[in-house]
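Engineer: the sequence isn't on hand, but the structure is:
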């Protein structure tokens, strides 16, 4: 189970989320720990849908032709929460 990082005193901080714990540790070395909290999400949280079934029903007409992009709107991307990352 993931453990939340300690929060700086005063509650006035910025959260930076990166993919891996190693990246979080490296970035924490460069940022002021009184201003930033660095945490990892263990992979992508959002991504282009991997299949048409992951496209929300109300967006299938717009994004169903090419999974995850709308070729009629300058290839506008649709990002969905990756399976298994809903609680993140």
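Structural biologist: Okay, I see it. Please read these numbers as outputs of a predicted model, since none were measured by experiment. Numbers count the residues shown, from 1 in each chain.
Engineer: residue ranges with poor pLDDT in the protein?
Structural biologist: 1-10, 65, 88 (pLDDT under 70).
Engineer: for it, what's the longest helix?
Structural biologist: helix 21-28 (DSSP state H).
Engineer: buried residues in that helix?
Structural biologist: 24, 28 (16 or more other C-beta atoms under 10 Å). Using the backbone N, CA and C atoms, a C-beta is placed for each residue, glycine as well.
Engineer: other SSEs contacting that helix?
Structural biologist: Helix 21-28 is packed against strand 14-18, strand 36-40, with contacts defined by 3 or more C-beta pairs under 8 Å, 6 or more residues apart in numbering; DSSP states H and E.
Engineer: take those and write them to a markdown table, including mean neighbour count and distance to residue 24.
Structural biologist: Converted to a markdown table, these look like this (neighbours: other C-beta atoms under 10 Å; distance: least, C-beta to C-beta, whole Å):
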| stretch | mean neighbour count | distance to residue 24 |
| --- | --- | --- |
| strand 14-18 | 13 | 5 |
| strand 36-40 | 18 | 4 |
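Engineer: residue 46: which of the ones you listed is closest?
Structural biologist: Ranking the helices and strands packed on helix 21-28 by distance to residue 46, with C-beta to C-beta as the measure, places strand 14-18 first at 11.1 Å.
Engineer: what lines up beside the closest one in the sheet?
Structural biologist: strand 36-40 (parallel) (DSSP bridges).
Engineer: tell me the angle the partner strand makes with helix 21-28.
Structural biologist: On the basis of axes from the mean of the first three to the mean of the last three C-alpha atoms, to 10 degrees, strand 36-40 is oriented at 170 degrees to helix 21-28.
Engineer: good, wrapping up.
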